[in-house]
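Undergrad: I'll drop the sequence and a predicted model, then ask my questions.
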Amino acid sequence: MKLKIALLAGDGIGPEISREGVKVMTAVCRRFGHEVEFVSALVGAAAIDAVGDPFPEETYNVCRDADAVLFSAVGDPRFDNRPDLKVRPEQGLLAMRKKLGLFANIRPVATFASLIHKSPLREDIVSGADFVCIRELTGGMYFGEKYESDDHAYDTCAYTRGEIERILKVAFDYARRRKRHLTVVDKANVLASSRLWRKVAQEMSRETPDITTDFMYVDNASMRMIQDPRFFDVMVTENTFGDILTDEGSVISGSMGLLPSASIGEGTPVFEPIHGSWPEAAGKNIANPLAQILSVAMLFEHFGLAEEGECVRKAVDASMEAGVSTPDIAPDPSKAVGTDAVGTWISDFIAAER
Ligand SMILES: NC(=O)C1=CN([C@@H]2O[C@H](COP(=O)(O)OP(=O)(O)OC[C@H]3O[C@@H](n4cnc5c(N)ncnc54)[C@H](O)[C@@H]3O)[C@@H](O)[C@H]2O)C=CC1
Ligand SMILES: CC(C)CC(=O)C(=O)O
Ligand SMILES: [Mg+2]
(Lines give C-alpha, C1' and ligand atoms only; values in the text may rest on other atoms or scores of the structure.)
(Ligands and ions follow the chains in the order given, each with its own letter.)
Protein backbone atom coordinates (compact mmCIF):
# COMPACT_ATOMS: atom_id res chain seq x y z
CA MET A 1 0.00 0.00 0.00
CA LYS A 2 1.08 3.57 -0.66
CA LEU A 3 0.29 6.07 2.09
CA LYS A 4 0.59 9.83 1.91
CA ILE A 5 0.59 11.29 5.41
CA ALA A 6 0.11 14.96 6.30
CA LEU A 7 2.26 15.66 9.32
CA LEU A 8 0.94 18.42 11.60
CA ALA A 9 3.36 18.60 14.54
CA GLY A 10 2.08 21.88 16.00
CA ASP A 11 3.35 23.32 19.25
CA GLY A 12 4.95 22.52 22.62
CA ILE A 13 5.74 18.81 22.83
CA GLY A 14 4.07 18.33 19.42
CA PRO A 15 7.26 18.22 17.31
CA GLU A 16 8.97 15.82 19.75
CA ILE A 17 6.16 13.22 19.77
CA SER A 18 5.56 13.71 16.05
CA ARG A 19 9.14 12.59 15.29
CA GLU A 20 8.57 9.37 17.24
CA GLY A 21 5.30 8.71 15.40
CA VAL A 22 7.16 9.07 12.11
CA LYS A 23 9.94 6.74 13.25
CA VAL A 24 7.46 4.02 14.20
CA MET A 25 5.31 4.44 11.12
CA THR A 26 8.39 4.25 8.90
CA ALA A 27 9.57 1.07 10.64
CA VAL A 28 6.18 -0.63 10.21
CA CYS A 29 5.92 0.38 6.53
CA ARG A 30 9.44 -0.89 5.87
CA ARG A 31 8.66 -4.20 7.58
CA PHE A 32 5.36 -4.77 5.72
CA GLY A 33 6.51 -3.40 2.37
CA HIS A 34 4.34 -0.27 2.27
CA GLU A 35 5.44 3.00 0.75
CA VAL A 36 4.96 6.05 2.98
CA GLU A 37 5.43 9.71 2.19
CA PHE A 38 5.22 12.42 4.87
CA VAL A 39 4.30 15.99 3.99
CA SER A 40 4.73 18.48 6.85
CA ALA A 41 2.42 21.45 7.29
CA LEU A 42 1.97 24.26 9.81
CA VAL A 43 -0.77 24.38 12.44
CA GLY A 44 -1.44 26.19 15.73
CA ALA A 45 0.92 28.80 17.17
CA ALA A 46 3.64 27.73 14.73
CA ALA A 47 1.31 28.66 11.87
CA ILE A 48 0.20 31.92 13.50
CA ASP A 49 3.85 32.91 13.93
CA ALA A 50 4.68 32.04 10.32
CA VAL A 51 1.61 33.25 8.42
CA GLY A 52 -0.87 34.71 10.95
CA ASP A 53 -3.41 31.87 10.58
CA PRO A 54 -3.63 28.76 12.85
CA PHE A 55 -4.93 26.59 9.98
CA PRO A 56 -3.67 28.13 6.73
CA GLU A 57 -5.21 27.25 3.38
CA GLU A 58 -1.95 25.57 2.40
CA THR A 59 -2.21 23.23 5.41
CA TYR A 60 -5.81 22.45 4.50
CA ASN A 61 -4.70 21.54 0.99
CA VAL A 62 -1.93 19.25 2.32
CA CYS A 63 -4.50 17.50 4.56
CA ARG A 64 -7.09 17.24 1.81
CA ASP A 65 -4.57 15.68 -0.58
CA ALA A 66 -3.28 13.13 1.97
CA ASP A 67 -4.64 9.69 2.86
CA ALA A 68 -4.44 10.55 6.57
CA VAL A 69 -3.22 13.25 8.93
CA LEU A 70 -0.89 12.48 11.82
CA PHE A 71 -1.60 15.36 14.18
CA SER A 72 0.29 16.06 17.40
CA ALA A 73 -0.86 19.01 19.53
CA VAL A 74 -1.40 22.77 19.50
CA GLY A 75 -1.37 25.47 22.16
CA ASP A 76 1.04 28.07 23.45
CA PRO A 77 0.83 30.10 26.69
CA ARG A 78 1.79 33.25 24.78
CA PHE A 79 -1.81 33.31 23.57
CA ASP A 80 -3.44 32.69 26.97
CA ASN A 81 -5.24 35.53 28.79
CA ARG A 82 -4.90 37.81 25.79
CA PRO A 83 -8.44 38.84 24.80
CA ASP A 84 -6.85 41.47 22.53
CA LEU A 85 -5.59 38.71 20.21
CA LYS A 86 -8.03 37.67 17.54
CA VAL A 87 -6.51 34.27 16.83
CA ARG A 88 -5.57 31.38 19.12
CA PRO A 89 -3.65 28.19 18.24
CA GLU A 90 -6.59 25.97 19.29
CA GLN A 91 -8.71 27.54 16.54
CA GLY A 92 -6.43 25.74 14.09
CA LEU A 93 -7.44 22.36 15.50
CA LEU A 94 -11.13 23.26 15.48
CA ALA A 95 -10.87 24.59 11.92
CA MET A 96 -9.13 21.40 10.75
CA ARG A 97 -11.88 19.22 12.25
CA LYS A 98 -14.66 21.38 10.82
CA LYS A 99 -13.18 21.84 7.35
CA LEU A 100 -12.43 18.13 7.01
CA GLY A 101 -15.91 17.23 8.31
CA LEU A 102 -14.51 15.06 11.12
CA PHE A 103 -17.61 14.71 13.24
CA ALA A 104 -16.60 11.59 15.18
CA ASN A 105 -13.67 11.28 17.55
CA ILE A 106 -12.95 7.72 18.64
CA ARG A 107 -11.15 7.62 22.00
CA PRO A 108 -10.37 4.14 23.34
CA VAL A 109 -9.64 3.88 27.06
CA ALA A 110 -7.88 0.73 28.19
CA THR A 111 -5.48 -0.48 30.83
CA PHE A 112 -2.05 -1.96 30.22
CA ALA A 113 -1.16 -4.97 32.37
CA SER A 114 2.32 -3.66 33.15
CA LEU A 115 0.94 -0.26 34.17
CA ILE A 116 -1.92 -1.10 36.47
CA HIS A 117 0.25 0.06 39.38
CA LYS A 118 0.49 3.57 37.84
CA SER A 119 -3.20 4.26 38.14
CA PRO A 120 -4.17 6.13 41.30
CA LEU A 121 -7.24 3.87 41.25
CA ARG A 122 -7.19 0.46 42.93
CA GLU A 123 -6.14 -2.48 40.74
CA ASP A 124 -9.41 -4.37 41.35
CA ILE A 125 -11.28 -1.33 39.99
CA VAL A 126 -9.29 -0.60 36.84
CA SER A 127 -8.11 -4.06 35.89
CA GLY A 128 -9.81 -5.14 32.66
CA ALA A 129 -11.38 -1.74 31.98
CA ASP A 130 -11.73 -1.35 28.23
CA PHE A 131 -14.20 1.04 26.65
CA VAL A 132 -14.46 3.47 23.77
CA CYS A 133 -15.74 7.01 24.00
CA ILE A 134 -17.30 8.23 20.78
CA ARG A 135 -17.12 12.00 21.07
CA GLU A 136 -19.09 14.26 18.71
CA LEU A 137 -16.44 16.59 17.28
CA THR A 138 -17.85 19.36 15.10
CA GLY A 139 -20.90 20.59 17.01
CA GLY A 140 -21.87 21.81 20.47
CA MET A 141 -20.36 24.68 22.42
CA TYR A 142 -16.96 24.72 20.70
CA PHE A 143 -18.67 25.67 17.45
CA GLY A 144 -21.88 27.40 18.60
CA GLU A 145 -22.61 31.11 18.55
CA LYS A 146 -20.43 33.04 21.00
CA TYR A 147 -20.44 36.49 22.49
CA GLU A 148 -17.73 38.08 24.57
CA SER A 149 -17.52 41.52 26.17
CA ASP A 150 -16.10 42.83 29.45
CA ASP A 151 -19.28 42.17 31.39
CA HIS A 152 -21.19 39.57 29.43
CA ALA A 153 -20.21 36.41 27.56
CA TYR A 154 -21.90 33.26 26.32
CA ASP A 155 -21.35 30.12 24.27
CA THR A 156 -24.23 28.15 22.82
CA CYS A 157 -24.57 24.39 22.61
CA ALA A 158 -26.59 23.64 19.48
CA TYR A 159 -27.21 20.33 17.73
CA THR A 160 -29.41 19.35 14.81
CA ARG A 161 -31.16 16.01 14.53
CA GLY A 162 -28.91 15.17 11.56
CA GLU A 163 -25.72 15.80 13.56
CA ILE A 164 -27.00 13.62 16.40
CA GLU A 165 -28.15 10.80 14.12
CA ARG A 166 -24.82 10.52 12.30
CA ILE A 167 -22.72 10.30 15.47
CA LEU A 168 -25.15 7.82 17.05
CA LYS A 169 -24.89 5.68 13.93
CA VAL A 170 -21.10 5.54 14.41
CA ALA A 171 -21.65 4.61 18.06
CA PHE A 172 -24.19 1.84 17.34
CA ASP A 173 -21.83 0.42 14.68
CA TYR A 174 -18.96 0.45 17.18
CA ALA A 175 -21.07 -1.22 19.84
CA ARG A 176 -22.03 -3.94 17.36
CA ARG A 177 -18.34 -4.78 16.85
CA ARG A 178 -17.78 -4.94 20.65
CA LYS A 179 -19.97 -6.09 23.55
CA ARG A 180 -23.15 -4.49 22.15
CA HIS A 181 -23.59 -2.14 25.08
CA LEU A 182 -24.01 1.56 24.36
CA THR A 183 -24.25 4.26 27.01
CA VAL A 184 -25.56 7.64 25.85
CA VAL A 185 -24.15 10.34 28.13
CA ASP A 186 -26.03 13.64 28.35
CA LYS A 187 -27.51 16.22 30.71
CA ALA A 188 -31.11 15.83 29.58
CA ASN A 189 -32.43 16.83 33.00
CA VAL A 190 -31.23 20.39 32.31
CA LEU A 191 -30.15 21.00 28.71
CA ALA A 192 -32.48 21.26 25.70
CA SER A 193 -29.72 20.05 23.37
CA SER A 194 -29.31 16.95 25.56
CA ARG A 195 -33.06 16.30 25.45
CA LEU A 196 -32.89 16.21 21.65
CA TRP A 197 -29.91 13.82 21.88
CA ARG A 198 -31.88 11.55 24.19
CA LYS A 199 -35.04 11.63 22.05
CA VAL A 200 -33.11 10.76 18.89
CA ALA A 201 -31.11 8.07 20.70
CA GLN A 202 -34.29 6.51 22.13
CA GLU A 203 -35.83 6.42 18.64
CA MET A 204 -32.70 4.85 17.15
CA SER A 205 -32.31 2.34 19.98
CA ARG A 206 -35.84 1.07 19.34
CA GLU A 207 -34.70 0.28 15.80
CA THR A 208 -31.47 -1.31 17.08
CA PRO A 209 -32.66 -4.05 19.43
CA ASP A 210 -29.40 -6.00 19.08
CA ILE A 211 -27.63 -3.29 21.12
CA THR A 212 -28.38 -2.72 24.81
CA THR A 213 -28.66 1.04 25.09
CA ASP A 214 -28.75 2.91 28.37
CA PHE A 215 -28.69 6.58 29.31
CA MET A 216 -26.65 8.35 31.95
CA TYR A 217 -26.30 11.97 33.04
CA VAL A 218 -22.78 13.26 32.52
CA ASP A 219 -22.18 14.05 36.20
CA ASN A 220 -23.11 10.48 37.12
CA ALA A 221 -21.01 9.13 34.23
CA SER A 222 -17.93 11.02 35.42
CA MET A 223 -18.31 9.31 38.81
CA ARG A 224 -19.20 5.87 37.43
CA MET A 225 -16.23 5.94 35.07
CA ILE A 226 -13.71 5.80 37.89
CA GLN A 227 -15.87 3.92 40.37
CA ASP A 228 -16.72 1.08 37.98
CA PRO A 229 -15.03 1.59 34.59
CA ARG A 230 -15.78 -1.98 33.47
CA PHE A 231 -19.47 -0.99 33.30
CA PHE A 232 -18.75 0.82 30.02
CA ASP A 233 -18.33 -0.73 26.58
CA VAL A 234 -19.11 2.11 24.16
CA MET A 235 -20.02 5.56 25.40
CA VAL A 236 -21.32 8.30 23.08
CA THR A 237 -21.57 11.94 24.00
CA GLU A 238 -21.47 15.50 22.76
CA ASN A 239 -18.28 17.43 22.10
CA THR A 240 -17.53 19.15 25.43
CA PHE A 241 -18.61 16.23 27.65
CA GLY A 242 -16.45 13.84 25.58
CA ASP A 243 -13.45 16.14 25.81
CA ILE A 244 -13.67 16.29 29.61
CA LEU A 245 -14.59 12.66 30.29
CA THR A 246 -11.69 11.27 28.26
CA ASP A 247 -9.05 13.28 30.14
CA GLU A 248 -10.57 11.63 33.21
CA GLY A 249 -10.35 8.30 31.34
CA SER A 250 -6.58 8.71 31.03
CA VAL A 251 -6.36 8.25 34.80
CA ILE A 252 -7.66 4.71 34.32
CA SER A 253 -4.84 3.96 31.85
CA GLY A 254 -2.22 5.67 33.97
CA SER A 255 -1.16 8.75 31.99
CA MET A 256 -2.39 11.40 29.58
CA GLY A 257 0.52 10.35 27.42
CA LEU A 258 -1.17 7.04 26.63
CA LEU A 259 -4.50 7.82 24.98
CA PRO A 260 -4.67 7.97 21.18
CA SER A 261 -7.67 8.88 19.03
CA ALA A 262 -9.05 8.82 15.52
CA SER A 263 -11.10 11.68 14.13
CA ILE A 264 -13.24 10.48 11.26
CA GLY A 265 -16.13 11.63 9.13
CA GLU A 266 -16.31 13.00 5.63
CA GLY A 267 -12.75 14.07 4.72
CA THR A 268 -9.19 12.90 5.39
CA PRO A 269 -9.10 11.11 8.76
CA VAL A 270 -6.89 12.56 11.50
CA PHE A 271 -5.02 10.47 14.09
CA GLU A 272 -4.11 12.40 17.22
CA PRO A 273 -3.29 12.00 20.91
CA ILE A 274 -6.02 13.22 23.23
CA HIS A 275 -3.57 15.35 25.20
CA GLY A 276 -2.45 18.88 24.48
CA SER A 277 0.88 20.60 23.84
CA TRP A 278 2.07 20.40 27.50
CA PRO A 279 4.15 23.59 27.03
CA GLU A 280 6.04 23.15 30.33
CA ALA A 281 7.63 19.97 28.94
CA ALA A 282 8.53 21.31 25.49
CA GLY A 283 12.14 20.64 24.54
CA LYS A 284 12.80 18.56 27.68
CA ASN A 285 12.53 15.14 26.01
CA ILE A 286 10.18 13.90 28.76
CA ALA A 287 6.82 13.71 26.95
CA ASN A 288 5.42 10.23 26.54
CA PRO A 289 5.20 9.53 22.78
CA LEU A 290 2.89 6.50 23.21
CA ALA A 291 -0.38 8.36 22.63
CA GLN A 292 1.07 9.50 19.30
CA ILE A 293 2.48 6.05 18.51
CA LEU A 294 -0.81 4.33 19.37
CA SER A 295 -2.51 6.86 17.07
CA VAL A 296 -0.31 5.39 14.34
CA ALA A 297 -1.74 1.94 15.26
CA MET A 298 -5.25 3.37 14.86
CA LEU A 299 -4.23 4.84 11.50
CA PHE A 300 -3.16 1.43 10.18
CA GLU A 301 -6.32 -0.21 11.52
CA HIS A 302 -8.45 2.45 9.85
CA PHE A 303 -7.03 1.35 6.50
CA GLY A 304 -7.75 -2.32 7.28
CA LEU A 305 -4.09 -3.01 8.10
CA ALA A 306 -4.82 -4.97 11.27
CA GLU A 307 -1.52 -6.81 11.37
CA GLU A 308 0.41 -3.54 11.12
CA GLY A 309 -1.69 -2.05 13.92
CA GLU A 310 -1.10 -5.12 16.06
CA CYS A 311 2.63 -4.89 15.37
CA VAL A 312 2.67 -1.35 16.83
CA ARG A 313 0.59 -2.40 19.87
CA LYS A 314 2.85 -5.38 20.54
CA ALA A 315 5.97 -3.20 20.39
CA VAL A 316 4.37 -0.61 22.70
CA ASP A 317 3.48 -3.34 25.23
CA ALA A 318 7.02 -4.74 24.98
CA SER A 319 8.54 -1.31 25.65
CA MET A 320 6.46 -0.94 28.80
CA GLU A 321 7.26 -4.45 29.98
CA ALA A 322 10.97 -3.74 29.40
CA GLY A 323 10.61 -0.55 31.44
CA VAL A 324 11.70 1.62 28.49
CA SER A 325 9.41 4.46 29.44
CA THR A 326 9.20 8.18 30.02
CA PRO A 327 8.95 9.45 33.64
CA ASP A 328 5.12 9.50 33.73
CA ILE A 329 4.89 5.69 33.51
CA ALA A 330 8.41 4.38 34.23
CA PRO A 331 8.35 1.67 36.93
CA ASP A 332 11.41 3.31 38.44
CA PRO A 333 11.35 7.05 37.61
CA SER A 334 15.11 7.29 38.22
CA LYS A 335 15.55 4.92 35.25
CA ALA A 336 13.12 6.72 32.94
CA VAL A 337 14.29 7.36 29.39
CA GLY A 338 13.61 10.19 26.96
CA THR A 339 10.82 10.65 24.40
CA ASP A 340 13.24 9.87 21.58
CA ALA A 341 14.61 6.72 23.27
CA VAL A 342 11.10 5.26 23.59
CA GLY A 343 10.39 5.81 19.88
CA THR A 344 13.77 4.42 18.87
CA TRP A 345 13.34 1.31 21.05
CA ILE A 346 9.88 0.65 19.59
CA SER A 347 10.97 1.12 15.97
CA ASP A 348 14.05 -1.08 16.54
CA PHE A 349 11.79 -3.75 18.09
CA ILE A 350 9.53 -3.60 15.04
CA ALA A 351 12.50 -3.84 12.65
CA ALA A 352 13.91 -6.83 14.54
CA GLU A 353 10.59 -8.76 14.61
CA ARG A 354 10.72 -10.64 11.35
N1 LIG B 1 -5.43 18.37 20.90
C2 LIG B 1 -4.76 19.44 21.26
O3 LIG B 1 -3.95 19.96 20.52
C4 LIG B 1 -5.01 20.01 22.61
C5 LIG B 1 -4.42 21.19 22.94
N6 LIG B 1 -4.53 21.68 24.23
C7 LIG B 1 -3.72 22.87 24.51
O8 LIG B 1 -2.51 22.44 25.14
C9 LIG B 1 -2.03 23.43 26.04
C10 LIG B 1 -1.79 22.82 27.42
O11 LIG B 1 -3.04 22.42 27.96
P12 LIG B 1 -3.21 21.55 29.28
O13 LIG B 1 -4.54 21.81 29.81
O14 LIG B 1 -2.04 21.74 30.17
O15 LIG B 1 -3.27 20.03 28.74
P16 LIG B 1 -2.13 19.01 28.29
O17 LIG B 1 -2.85 17.79 27.82
O18 LIG B 1 -1.17 19.63 27.35
O19 LIG B 1 -1.35 18.66 29.64
C20 LIG B 1 -2.02 18.31 30.84
C21 LIG B 1 -1.12 17.38 31.66
O22 LIG B 1 -1.16 16.09 31.05
C23 LIG B 1 0.10 15.46 31.14
N24 LIG B 1 0.55 15.15 29.76
C25 LIG B 1 0.09 15.68 28.60
N26 LIG B 1 0.71 15.14 27.55
C27 LIG B 1 1.57 14.23 28.06
C28 LIG B 1 2.51 13.33 27.47
N29 LIG B 1 2.66 13.22 26.14
N30 LIG B 1 3.25 12.55 28.29
C31 LIG B 1 3.09 12.60 29.62
N32 LIG B 1 2.22 13.41 30.23
C33 LIG B 1 1.47 14.22 29.45
C34 LIG B 1 1.03 16.43 31.87
O35 LIG B 1 1.02 16.06 33.22
C36 LIG B 1 0.35 17.78 31.71
O37 LIG B 1 0.62 18.63 32.76
C38 LIG B 1 -3.09 24.52 26.03
O39 LIG B 1 -2.68 25.54 25.18
C40 LIG B 1 -4.34 23.83 25.51
O41 LIG B 1 -5.24 24.70 24.91
C42 LIG B 1 -5.20 21.00 25.20
C43 LIG B 1 -5.81 19.82 24.90
C44 LIG B 1 -5.82 19.26 23.57
C1 LIG C 1 -7.90 22.37 22.65
C2 LIG C 1 -9.29 21.90 22.34
C3 LIG C 1 -9.81 22.63 21.15
C4 LIG C 1 -9.37 20.45 22.04
C5 LIG C 1 -9.22 19.44 23.11
O6 LIG C 1 -9.01 19.64 24.28
C7 LIG C 1 -9.33 18.08 22.63
O8 LIG C 1 -9.68 17.86 21.50
O9 LIG C 1 -9.11 17.16 23.45
MG1 LIG D 1 -9.11 17.75 25.46
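TA: Arrived safely. Predicted model, so just to flag it, every value in this text is computed and none were measured. Ligands and ions are numbered 1, 2, ... in the order given.
Undergrad: from the stretch 201-350 of the chain, which residue is nearest to ligand 2?
TA: Asp243 (4.8 Å; C-beta to the nearest ligand atom). For every residue, glycine as well, the C-beta is placed using N, CA and C.
Undergrad: check contacts around that residue.
TA: Residues near Asp243 by C-beta atoms under 8 Å, 6 or more residues apart in numbering: Arg135.
Undergrad: would you mark the buried spots in the helix or strand harbouring it?
TA: Here Asp243 sits within helix 239-253, counting by DSSP states H and E. By neighbour count with 16 or more other C-beta atoms under 10 Å, helix 239-253 contains the buried residues 239-243, 245-246, 248-253.
Undergrad: right, is that helix up against ligand 1?
TA: No: Helix 239-253 lies out of reach of ligand 1 by C-beta under 6 Å from any ligand atom, never closer than 7.3 Å.
Undergrad: tell me what the next helix or strand after that helix is packed against?
TA: Per DSSP H and E, the first helix or strand lying C-terminal to helix 239-253 is strand 262-264. The elements that strand 262-264 packs onto, with contact taken as 3 or more C-beta pairs under 8 Å, 6 or more residues apart in numbering; DSSP states H and E, are strand 104-110, strand 270-271, helix 290-302.
Undergrad: wait, does strand 262-264 contact ligand 1?
TA: No: contact of strand 262-264 with ligand 1 (C-beta under 6 Å from any ligand atom) is absent, the minimum separation being 9.9 Å.
Undergrad: could you list the domains of the chain?
TA: Following automatic domain parsing, one gets these domains for the chain: 1-103+259-354, 120-253.
Undergrad: what does the pLDDT read for Arg354?
TA: Note for Arg354: predicted pLDDT of 65.
Undergrad: so, low pLDDT: which residues of the stretch 201-350 of the chain?
TA: Nowhere does the stretch 201-350 of the chain drop to pLDDT under 70.
Undergrad: up against ligand 2, what does it have?
TA: Checking the stretch 201-350 of the chain against ligand 2 by C-beta under 6 Å from any ligand atom, the hits are Asp243, Ile274.
Undergrad: again, only using 8 Å
TA: Neighbours of ligand 2 within the stretch 201-350 of the chain, by C-beta under 8 Å from any ligand atom: Asp243, Thr246, Asp247, Glu272, Ile274, His275, Gly276.
Undergrad: I figured the fifth one hits Ser261, correct?
TA: So the one you mean is Ile274. Yes: between Ile274 and Ser261 a contact is recorded at 5.2 Å, counting by C-beta atoms under 8 Å.
Undergrad: find residues that contact each of the two.
TA: Counting by C-beta under 8 Å, 6+ apart, the shared contacts of Ile274 and Ser261 are Arg107, Thr246.
Undergrad: hmm, back to that, between the residues of the stretch 201-350 of the chain next to ligand 2, which is nearest Ala341?
TA: Nearest to Ala341, judged by C-beta to C-beta, of those is His275 at 19.5 Å.
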